[in-house]
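**Student:** Predicted coordinates and the sequence they were generated for:
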Amino acid sequence: MTPAHKVKITYCAECGYEPQTLDLAKALMLEFGARLSCIELIPWEGGTFEVSVDGQLIHSMKRDGGFGDGAAIKDAVRSRLTG
Amino acid sequence: MTIDRARFDQGLTYEAFKAQMTRNRERLEENEKRVDLAKENVAAFRALPRPVKVVVLAEDWCGDVIANLPVLGRLAQESGKLDVRVFLRDQNDDIMQRYLNKGQFKSIPVFVFFDEDFRELGHWIERPASVTEIRAKRRKEIFAAHPEFGSPDAPVDALPEEVRVRLQGELAKMREDTTKFANAEVVRELREIATRVAA
């Protein structure tokens, strides 16, 4: 059975991060299709923009700065899928 | 670039800014109604020897704009001494670059006060430091009182949904409980800048 891989994107809804969140969600959908069991979008606050795969934080605006490089985030997701 | 009369006149009035909002207008107007201005503060603004012009940088998606711009709006309405013009941050980067928070961040709202000859009296960015401080302290207290919320620095996506929703509720209540203090601090800081205008 294929393991279920879940991506969560937590974004600051007060900061207007919806476009970046949707862009990233779309990029992951197109790249990984049904290999991801779920992409969960979590509206939050406080300038948050965090991406995790299967509970492992792979990008954090607070920790890493900015919205992250799309290619690097895809690589991190891919390594979880193949790891 | 410097602000002159021609540039100032390109800005939106407070009402025009509200009219073009595509979101959060209801929240902004609710906050506006709830601003409780002390009589002595209104009197201090009414007593300004000359009208003051205020350039605002704002966007309708920003929580600090929705919280703090109504305070300025009410002061303008009640004093009749503040001439406010709002510039959308993302369409006016030349102004934004002059008022970066800590020289780096495009934090909003920005309120820049000028006298009638467009000499700058001072500017104000985002929110009072005292508000950031008290909310950070209250946030820590919430996490200390609710071990189920985990660490204040941990990603919230690891929390079960129902715990996350409760945390969100606690944080919203904390913001609500500190709003009166926050508004009073905004008024105090804006009054300090506006009253620099010379007779």
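**Tutor:** Done, it's in. Numbers count the residues shown, from 1 in each chain, chains lettered A, B, ... in the order given.

**Student:** Show me which residues of chain A are close to chain B?
**Tutor:** Contact residues, chain A versus chain B (CB under 8 Å from any CB of the partner chain): A:8, A:10, A:14-16, A:40, A:42, A:44-45, A:48, A:50, A:52, A:55, A:57, A:60. To be clear about C-beta, it is placed using only N, CA and C from the backbone, and glycine gets the same treatment.

**Student:** out of those residues, who has the most neighbours?
**Tutor:** A:T10 (26 neighbours; other CB atoms under 10 Å in any protein chain shown).

**Student:** got a list of what the most centrally placed residue in chain A touches?
**Tutor:** Closest to where the C-alpha atoms of chain A average out (CA atoms, centre = their mean) is A:V51, at 3.6 Å. Neighbouring residues of A:V51 by CB atoms under 8 Å, 6 or more residues apart in numbering or on different chains: A:7-10, A:24, A:57-60, A:68, A:73.

**Student:** make it 10 Å
**Tutor:** By CB atoms under 10 Å, 6 or more residues apart in numbering or on different chains, the residues touching A:V51 are A:7-11, A:21, A:24-25, A:28, A:39, A:57-61, A:64, A:67-68, A:73, A:76-77, B:155, B:157.

**Student:** Considering helices and strands only, name the one in chain A with the lowest mean pLDDT.
**Tutor:** helix A:61-64 (a mean of 88; mean pLDDT, DSSP states H and E).

**Student:** Summarise which helices and strands that helix is packed against.
**Tutor:** Contacts defined by 3 or more CB pairs under 10 Å, 6 or more residues apart in numbering or on different chains; DSSP states H and E place helix A:61-64 against strand A:6-12, strand A:49-53, strand A:56-60.

**Student:** CSV for those, including mean pLDDT?
**Tutor:** CSV is the format used below for those (pLDDT from 0 to 100):
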stretch, mean pLDDT
strand A:6-12, 95
strand A:49-53, 95
strand A:56-60, 93
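
**Student:** confidence score at A:T82?
**Tutor:** pLDDT for A:T82: 84.

**Student:** Tell me the spacing between it and A:I73.
**Tutor:** 15 Å (CB to CB, to the nearest Å).

**Student:** So for these two, which residue has more residues nearby?
**Tutor:** Ranked by neighbour count (other CB under 10 Å), A:T82 and A:I73 place A:I73 first, with 21 against 7.

**Student:** For chain B, which segments are assigned as strands?
**Tutor:** Taking DSSP state E, the strands of chain B run over residues B:52-58, B:82-88, B:110-114, B:120-125.

**Student:** most packed of those strands?
**Tutor:** Highest mean neighbour count of these: strand B:52-58, a mean of 25 (counted as mean count of other CB atoms under 10 Å in any protein chain shown).

**Student:** List the neighbouring strands of it plus their orientation.
**Tutor:** With DSSP bridges as the test, strand B:52-58 is paired with strand B:82-88 (parallel), strand B:110-114 (antiparallel).

**Student:** Taking strand B:120-125 as reference, get the angle to the shortest one.
**Tutor:** If I follow you right, that is strand B:110-114. Put simply, strand B:110-114 runs at 170 degrees to strand B:120-125, going by axes from the mean of the first three to the mean of the last three CA atoms, to 10 degrees.

**Student:** Rounded mean pLDDT for strand B:110-114, please.
**Tutor:** 98.
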